[in-house]
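*Asks:* I need the structure of the sequence given here:
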Amino acid sequence: MQQNIGSGLFVGQPIGILYGYEADGLFTNTDDISTYPAQPYAAQPGLVRYKDISGPNGVPDGKVDATYDRKIIGNTVPKYTFGANLTLDYKGFDFSALIQGLAGYQKQIGSYSAFAFYNGGQIQRWQVENRWTTDNPDPNAKYPKLTSLQMGSGTIQTSTYWNRDGSFARLKNIQLGYSLPSEVLQKWKISRLRLYFSGENLISLNKFYKGWDPEMTNDRGDGSQFYPITKVYTFGINLNL
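*Replies:* Model prediction:
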């Protein structure tokens, strides 16, 4: 496969692909390491093991390296974009909702969002609750052993282990209002009085990292662009004299 100059650009392939190793769970112990194909880093129990998928002769050669054992493992460009705008009016009540989402793509984010103790930072509950341990050496644990991980570390190279489905459906905006009847307002010499509630980003359905949002910018760097989308609640009055 020929790669063009640039990130995620390959001849004959869609723009925005993810190119990396195919993960095969986590190493359970030192015997597992010694019997598994040699890794491109100093492997330890509880860290990610990469599959040996090829070699110079086109067949597995007992060691994993960047030249022969990486492949296309996903695409960061969504295949589907969808949305719906719903409106309803009934006896003074009005309702509107905006639903939007993306589907059919993957994301690999790291740094503060995915790696414990990154850059001297903190750890997250999902990392602690789902980590590999010597007492429970689960090769399919959702997080490796709890240790400081930095960009460039062998176990956090681009691989299917860190792939997450970026698809989501979000209730982007919802508004519910009530306009008082004109016969009531005439007594007060008011032409219109409407009470309303609105909310933004109230519900998001996704399978992403817990506490993080798939719409966040992905820089895989210092995490400065990983700012979560916030929920906003608004109560208000529209008054026309």
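*Asks:* when you work out contacts or count neighbours from here on, use the C-alpha atoms and nothing else.
*Replies:* Fine.
*Asks:* helices or strands up against the lengthiest strand in the chain?
*Replies:* Of all the segments assigned as strand in the chain under DSSP state E, the longest by residue count is strand 192-206. Using 3 or more C-alpha pairs under 8 Å, 6 or more residues apart in numbering; DSSP states H and E as the contact criterion, the elements in contact with strand 192-206 are strand 168-179, helix 182-186, strand 232-240.
*Asks:* between it and strand 232-240, how many degrees?
*Replies:* For the pair strand 192-206 and strand 232-240, the angle between their directions (axes from the mean of the first three to the mean of the last three C-alpha atoms, to 10 degrees) equals 160 degrees.
*Asks:* contacts for strand 192-206?
*Replies:* By C-alpha atoms under 8 Å, 6 or more residues apart in numbering, the list of residues contacting strand 192-206 from outside reads 165-180, 182, 185, 214, 229-241.
*Asks:* show me which of these are buried.
*Replies:* The neighbour-count test (16 or more other C-alpha atoms under 10 Å) applied to those identifies 165-180, 214 as buried.
*Asks:* pull out the buried positions in stretch 137-149.
*Replies:* Buried positions in stretch 137-149, judged by neighbour count with 16+ other C-alpha under 10 Å: 137-146, 149.
*Asks:* my read is residue 128 is in a strand, agree?
*Replies:* No: the secondary structure assignment for residue 128 gives helix rather than a strand, going by DSSP: H, G, I helix; E, B strand; the rest coil.
*Asks:* can you list the low-confidence ranges for this structure?
*Replies:* Along the chain, the model assigns pLDDT under 70 to residues 1-8, 151-152, 217-228.
*Asks:* could you find the closest non-adjacent residue to residue 101?
*Replies:* On the basis of C-alpha to C-alpha, 6 or more residues apart in numbering, the spatially nearest residue to residue 101 that is not a chain neighbour turns out to be residue 169, at 4.3 Å.
*Asks:* and the gap between residue 23 and residue 129?
*Replies:* For residue 23, the distance to residue 129 equals 21 Å [C-alpha to C-alpha, to the nearest Å].
*Asks:* nope, residue 64 is what I meant
*Replies:* Residue 64 sits 30 Å away from residue 129 when distances are taken as C-alpha to C-alpha.
*Asks:* what's the answer for residue 67, then?
*Replies:* Residue 67 sits 35 Å away from residue 129, taking C-alpha to C-alpha as the criterion.
*Asks:* show me what contacts residue 162?
*Replies:* For residue 162, the contact set (C-alpha under 8 Å, 6+ apart) comprises 108-109, 156.
*Asks:* same thing but 7 Å
*Replies:* When contacts are counted by C-alpha atoms under 7 Å, 6 or more residues apart in numbering, residue 162 touches residue 108.
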